[in-house]
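Undergrad: Turn this into a structure:
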Amino acid sequence: SGGARLVVSGAQIVFAPDLVAAGERLGERLVARSSTLLESSGEWSGAFTSYVDIAPSDLPKAVAGCWASAFSVAALERQEAAGVEPGTFPMSVLVQAALEPETAGWAEVSGEGDVVVHGIKGSPAPLLQGWASGHTARYRGRWFGDELIELVGISNLEAIRVELEIAGGAIGANRCEWAVSDRGWGLQFGRMRAPKHAHAPLA
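TA: Residues are numbered from 1 along each chain as shown. Model (predicted):
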């Protein structure tokens, strides 16, 4: 585990100058988020590393760090439990401008076709990691869920619903992560596979 992490994290990224230049176009404060297809099932939530509030010049190290997190002790234990051979799944890294969200969370299209939004005040991390339950609202012709409606606002819930429907038509997405700061933002969209477990986060 330790040797594998050192090899990956110390690797020279040949496209590092292009990566830094692309990051500079996004701003001075960035997020580098790990993303794999494994994360379409719940046991992988939080398994891999992401980096928050970094400078563009830090991106090469952050990307290598995301890749190396596939070989952390905790991640390898999860892979062994799931019967996944280490190094057999590709790791993407999503680079975004850093936000300071007023509210954030995730949304999905339910099996009944309703849009269900889960949210929390501030950063979405406690909700996404399962540390907090947050609040829920459901759209079924109109919005239900007074606590999240009061926290997020109908206009932002509508924006989340519309963006998720657009992504569904464009790429088949049925789940997204979102945040509200100066406006509503769709952070990441994906398709959740039919879960083997009760809860499955973003693919």
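Undergrad: Which elements pack onto the host helix or strand of Val7?
TA: Val7 is part of helix 2-9, with elements assigned from DSSP states H and E. Counting contacts by 3 or more Cβ pairs under 8 Å, 6 or more residues apart in numbering; DSSP states H and E, helix 2-9 packs against helix 59-68. All C-beta spots, glycine's among them, are computed from the backbone N, C-alpha and C.
Undergrad: then the helix it packs on to CSV, C-alphas only?
TA: What follows is helix 59-68 as a C-alpha-only set of coordinates in CSV (Å, rounded to 0.1, in the frame of the first residue of the first chain):
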residue,chain,number,x,y,z
LEU,A,59,-3.1,20.8,-9.3
PRO,A,60,-0.4,18.3,-10.5
LYS,A,61,0.2,17.1,-6.9
ALA,A,62,-3.5,17.0,-6.1
VAL,A,63,-4.3,15.0,-9.2
ALA,A,64,-1.5,12.5,-8.4
GLY,A,65,-2.8,12.4,-4.8
CYS,A,66,-6.3,11.5,-6.0
TRP,A,67,-4.9,8.7,-8.1
ALA,A,68,-2.7,7.5,-5.2
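Undergrad: what's the angle from it to helix 2-9?
TA: Here helix 59-68 runs at an angle of 140 degrees relative to helix 2-9 (axes from the mean of the first three to the mean of the last three Cα atoms, to 10 degrees).
Undergrad: The closest residue to Pro56 other than its chain neighbours and Pro126: what is the separation?
TA: Residue nearest to Pro56 in three dimensions, not counting chain neighbours: Gly23, with 3.5 Å by Cβ to Cβ, 6 or more residues apart in numbering. Separation of Gly23 from Pro126 (Cβ to Cβ, to the nearest Å) stands at 27 Å.
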